[in-house]
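Q: Requesting a structural model of the entry that follows:
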Amino acid sequence: MSLAQVHYISAAPGDAEKTAGRFTAVGPGVSQALLAEIEPLVGYALPDGASHRPADAELRSLPQAFTYAALSDGSRLVGRTAPARGEGPAPVRFHAHAVHIPSGVPLPGDRLPVEAWRSPHWVSVTPVGGTLPDPLGALPPGPAPVREGLDDFAVSRGPWLAAVLADLRRASEEAPAGGPVVLVERQNADVARWLGLAAVTLPRESVERLTFTTYTRRPGSSALRVVGALPEDAAAAREAGLRVHVCADRPPVDGTPDMWARTAARVWRSRAPELFQEARELPGDPFAAGPLAVIALCNGVALGPEERAAAAGWAAERPYALDAERIGRLVEALASPGIDDRTGSEFDAVGRLFGALDGRCPASVTAPLAAMLVTEAVRGGNGSLELPRRDAFVGPDGEAIAGVLGPEILTELESGAGGARPVARTVQLLRVARLLGVNGTELLPGVVDRLAPALLAEASEEPGPSAFAPALLELLDEQFDVRTALLGALDRTAPEDPGAVARFLERVALPFTGTQALPHLRMCAEVPGAMTTLGRDRTAVWHRVLRAAGLSPSPSRWSCVRRWAWSGRTGRPPWRRPGCCWRRRPRTHIGRRVRGPAWSMRRSAPRRTRRTPPRSPTTCCRPSRRRSAAGSGRRSSSWTSAATCGRGRPSPAGPSRSARSATGPNLSNQQSRKGRSPPWWNACWPRTGRERSCTTSSGATTPN
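A: Residues are numbered from 1 along each chain as shown. All right, here's what the predicted structure looks like:
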């Protein structure tokens with residue numbers, strides 16, 4: 001392999017052309033068009049304050065510009081520009097020595113461009129007589145390779161490390177946004193060390209795209225991706241809107257959001273750069289934080305909570321990519337007892353990792369993760385945590401965990417703070433208690449009584465889907481006794497506030513697949529669909545919701561559905577329409593009339609004949625044809641008589657046959673003597689403006 005050489009020198013006083021310099025020797029294959037591109041790349045300007053006639057030591061201390069650039073034809077240029085001793089009125093000149101690399105041809109020895117930084121082949125003078133130089137067949141690194149001492153340099157630049165690596169990664173992308181990244185150092189050799197860090201950290205294809213120069217006085221006009229500058233030029237670079245890292249000043253305060261860069265910085269500070277190559281051998285995005293974080297944890301590098309979460313999440317998605325040894329070391333690092341800064345996202349990622357490894361690895365390997373998850377669920381209060389399976393706690397390890405966490409779970413469940421405790425917390429405690437085999441049967445009724453209103457209150461506060469819904473459904477699916485008790489408590493709550501229950505059921509699809517009747521819950525669950533499809537026909541909504549209960553409609557169910565069907569509506573409901581009253585009772589799904597509470601009133605009401613005078617005065621509030629029938633002494637429908645005159649009213653739950661035989665119709669008479677109706681009566685038999693009170697002989701008022 002042979003590389004064409006190019007020599008360029010600054011103009012001397014008395015030169016005919018008013019230019020900054022001229023080419024003194026050009027190798028074969030370098031056209032004039034390429035020379036026009038190369039000239040601004042190899043230019044040089046002395047820093048401010050440089051001596052006009054420097055001594056030899058001062059001359060050697062002046063910055064050198066080591067440049068790697070891409071040309072328009074796809075070829076590349078690697079060169080060094082250094083100050084040199086001049087003559088006459090120009091005691092300091094500069095000389096550039098570069099090699100031209102054709103497109104698709106690598107450097108000799110397949111080296112990276114930055115490795116040629118201190119190559120002994122760079123010269124500071126033009127060949128004698130201006131003869132064409134011979135092509136170079138090799139470009140070896142110097143006696144001190146650029147990789148040497150990078151660990152110490154990385155540790156010394158720890159505060160800037162993550163931010164600089166993040167910007168170097170962005171600069172190496174296919175289409176970098178903005179101008180070059182400016183690295184401000186007092187010594188241009190430190191800029192070359194930054195580029196050496198990038199060469200080790202980034203993939204090779206990214207490093208080859210990273211064009212750079214270690215020194216320039218005009219960063220804003222540079223077409224390269226990374227440039228080095230002295231501290232006196234940092235202000236001009238900031239004014240140009242460039243990304244400037246002043247590594248010779250005070251450490252930065254703000255960190256970088258780039259998780260990959262933060263992980264890479266921790267690897268460098270741990271003096272383990274060989275881990276970058278191991279991470280590149282794993283599948284996935286080369287700049288994803290997961291693979292690098294996994295390798296770092298497996299090798300004992302301490303990471304932050306976000307980096308640990310990235311490692312656990314990546315391993316959960318690709319458990320096949322790690323061998324048994326690495327999985328064991330990763331689990332040990334994640335479950336280390338010395339970590340005290342874990343976050344919720346880290347626990348969630350560890351939960352997914354446990355689910356991916358459960359069944360794939362022995363239980364002894366995943367046991368530390370299971371113990372960590374349930375401990376966090378009980379003590380940390382993470383309600384969204386994905387819990388292990390129950391068989392993960394079988395054996396002595398599970399008994400030990402249950403012995404420690406069991407009393408804490410029972411104490412918190414027994415406390416009366418259930419109303420103030422978030423729903424997700426209560427659900428999580430119940431699930432963990434089952435996993436550990438903790439017996440909380442005696443506490444279940446009280447826990448459920450506090451949980452039911454908390455569900456409705458918390459669901460009404462959240463505008464969207466409830467966050468606790470997935471965990472709640474899993475709890476009801478796992479524990480039959482909790483499902484039975486909770487659904488029963490919600491069914492008892494529905495008549496008091498059916499709107500809240502219906503809104504809750506819209507957000508959380510509770511399972512009604514068991515043997516429980518749950519009439520009020522079924523009606524509340526049917527309401528949204530009925531209102532959507534039959535919203536204009538409120539009577540149809542009424543009947544459809546009643547049929548959803550699946551049982552004989554009791555007064556409490558009539559009250560529940562009445563509040564929903566005519567909630568916030570205008571117009572007359574059917575019971576307030578002339579001639580309708582309650583004579584048209586709802587029908588069941590098979591079309592026959594329901595034997596509900598009215599049937600009980602009919603059975604318990606005393607039968608009258610034509611000779612039996614009515615027990616209520618004829619001023620009862622009935623439609624005109626009913627009053628005429630009552631006034632004439634004709635026999636009326638016993639169901640209508642019981643409903644309109646208030647005789648034979650059953651209890652809200654509906655008396656059984658044995659209860660009726662024991663109490664008889666006197667039970668309703670006792671209620672009438674109190675002078676007021678049962679609480680469900682006014683809800684289910686509402687009055688209209690046409691109705692009037694019925695006054696009995698004792699002065700009590702009975703509703704109609």
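Q: shaky segments in this protein?
A: 1, 12-20, 87-90, 128-135, 137, 142-146, 175-176, 383-384, 416-420, 551-704 (pLDDT under 70).
Q: Show me the strands in this structure, by range?
A: Secondary structure of the chain (DSSP state E): strands at 4-10, 21-26, 65-70, 76-85, 92-101, 181-184, 212-213, 226-229, 243-246, 694-695, 701-702.
Q: Just the CA atoms of the fifth one, as PDB, please.
A: So that's strand 92-101. Below are the C-alpha coordinates for strand 92-101, written out as PDB (Å, rounded to 0.1, in the frame of the first residue of the first chain):
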ATOM      1  CA  VAL A  92       8.100  31.600  12.800                       C
ATOM      2  CA  ARG A  93       6.500  29.700  10.000                       C
ATOM      3  CA  PHE A  94       4.400  26.600   9.800                       C
ATOM      4  CA  HIS A  95       4.800  23.400   7.800                       C
ATOM      5  CA  ALA A  96       2.000  20.900   7.000                       C
ATOM      6  CA  HIS A  97       2.800  17.300   6.200                       C
ATOM      7  CA  ALA A  98      -0.200  15.200   5.100                       C
ATOM      8  CA  VAL A  99      -1.000  11.900   3.400                       C
ATOM      9  CA  HIS A 100      -3.900  11.300   1.000                       C
ATOM     10  CA  ILE A 101      -6.000   8.200   1.600                       C
END
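Q: what angle sits between that strand and strand 4-10?
A: Inter-element angle recorded for strand 92-101 and strand 4-10: 160 degrees (by axes from the mean of the first three to the mean of the last three C-alpha atoms, to 10 degrees).
Q: Which secondary structure elements does strand 92-101 sit against?
A: Secondary-structure packing of strand 92-101 (3 or more C-beta pairs under 8 Å, 6 or more residues apart in numbering; DSSP states H and E): strand 4-10, strand 76-85. Bear in mind the C-beta positions are built from the backbone N, C-alpha and C, glycine included.
Q: Compare these and report which one is nearest to residue 267.
A: Nearest of these to residue 267, taken as C-beta to C-beta: strand 76-85 at 28.3 Å.
Q: Please parse the protein into its domains.
A: 4-130, 150-380, 390-576, 597-605+618-702 (automatic domain parsing).
Q: With mean neighbour count and distance to residue 138 added, can I get the ones you listed in TSV?
A: TSV is the format used below for the domains of the chain (neighbours: other C-beta atoms under 10 Å; distance: least, C-beta to C-beta, whole Å):
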stretch	mean neighbour count	distance to residue 138
domain 4-130	17	5
domain 150-380	19	19
domain 390-576	17	61
domain 597-605+618-702	17	99
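Q: can I get those in CSV with distance to residue 140?
A: Converted to CSV, these look like this (distance: least, C-beta to C-beta, whole Å):
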stretch, distance to residue 140
domain 4-130, 6
domain 150-380, 16
domain 390-576, 58
domain 597-605+618-702, 97
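Q: The helices and strands packed on strand 92-101: which one's closest to residue 480?
A: Of all the helices and strands packed on strand 92-101, strand 76-85 comes closest under C-beta to C-beta, at 71.7 Å.
Q: Return the list of strands paired to the closest one, each annotated with direction.
A: Strand 76-85 has the following strand partners under DSSP bridges: strand 65-70 (antiparallel), strand 92-101 (antiparallel).
Q: CA-only coordinates of it in CSV, if you can.
A: Presented in CSV, the C-alpha positions along strand 76-85 are these (Å, rounded to 0.1, in the frame of the first residue of the first chain):
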residue,chain,number,x,y,z
ARG,A,76,-9.6,11.3,3.2
LEU,A,77,-6.7,13.4,4.5
VAL,A,78,-4.5,12.8,7.6
GLY,A,79,-1.9,15.4,8.4
ARG,A,80,0.0,17.4,11.0
THR,A,81,0.7,21.1,10.9
ALA,A,82,3.4,22.3,13.2
PRO,A,83,5.2,25.7,13.7
ALA,A,84,8.8,25.8,12.4
ARG,A,85,11.8,28.1,12.6
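Q: Got phi/psi on residue 125?
A: phi -140, psi 160 (degrees, to the nearest 10).
Q: Just give the nearest non-adjacent residue to it, would you?
A: Spatial nearest neighbour of residue 125, chain neighbours left out: residue 95 (6.5 Å); criterion: C-beta to C-beta, 6 or more residues apart in numbering.
Q: And for residue 361?
A: Closest to residue 361 by C-beta to C-beta, 6+ apart is residue 327, at 6.1 Å.
Q: mind checking how far the one you found is from residue 520?
A: Residue 327 sits at a distance of 51 Å from residue 520 (criterion: C-beta to C-beta, to the nearest Å).
Q: Ok, residue 312 next?
A: From residue 312 to residue 520 the distance is 44 Å (C-beta to C-beta).
Q: picking up where we left off before, of the helices and strands packed on strand 92-101, which is nearest residue 320?
A: Judging these by C-beta to C-beta, what sits closest to residue 320 is strand 76-85, at 39.6 Å.
Q: And the contacts of the closest one?
A: Strand 76-85 is contacted by residues 6, 8, 38, 41-44, 46, 59, 62, 64-71, 91-101, 103, 107, 113, 116-117, 122, 124-125, 139 when judged by C-beta atoms under 8 Å, 6 or more residues apart in numbering.
Q: and what of stretch 111-131?
A: 7, 9, 24-25, 66, 68, 76, 78, 80, 82, 84, 95, 97, 107, 133, 136, 138-147, 192, 195-196, 198-199, 204, 207-208, 212, 214.
Q: ok now that stretch, how far from the chain's centre?
A: 54 Å (C-alpha atoms, centre = their mean, to the nearest Å).
Q: As CSV, could you dump the C-alpha coordinates of it?
A: What follows is stretch 111-131, C-alpha atoms only, in CSV (Å, rounded to 0.1, in the frame of the first residue of the first chain):
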residue,chain,number,x,y,z
ARG,A,111,-5.2,1.7,12.1
LEU,A,112,-7.5,4.4,13.1
PRO,A,113,-6.6,8.0,12.1
VAL,A,114,-6.0,9.2,15.6
GLU,A,115,-3.4,6.5,16.1
ALA,A,116,-1.1,8.4,13.7
TRP,A,117,-1.0,11.4,16.0
ARG,A,118,2.7,11.0,17.0
SER,A,119,3.9,8.9,14.1
PRO,A,120,7.7,9.4,13.5
HIS,A,121,7.0,9.7,9.7
TRP,A,122,5.7,13.3,10.2
VAL,A,123,8.3,15.8,9.2
SER,A,124,8.6,19.6,9.6
VAL,A,125,10.6,20.4,6.4
THR,A,126,10.0,20.0,2.7
PRO,A,127,12.2,17.5,0.9
VAL,A,128,15.4,19.1,-0.4
GLY,A,129,15.0,20.6,-3.8
GLY,A,130,11.2,20.2,-3.8
THR,A,131,11.4,16.7,-5.3
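Q: need the contact list for residue 213.
A: Neighbours of residue 213 in contact, by C-beta under 8 Å, 6+ apart: 41, 65-69, 222, 224, 226-228.
Q: For the chain, which residue occupies the most central location?
A: residue 345 (7.8 Å; C-alpha atoms, centre = their mean).
Q: Okay, that residue and residue 309: tell me how far apart.
A: From residue 345 to residue 309 the distance is 5 Å (C-beta to C-beta).
Q: repeat for residue 258
A: 15 Å.
Q: Residue 392 too?
A: For residue 392, the distance to residue 309 - C-beta to C-beta - is 21 Å.
Q: need the helices and strands packed on strand 92-101 in CSV with distance to residue 413, can you?
A: Below are those laid out as CSV (distance: least, C-beta to C-beta, whole Å):
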stretch, distance to residue 413
strand 4-10, 81
strand 76-85, 70
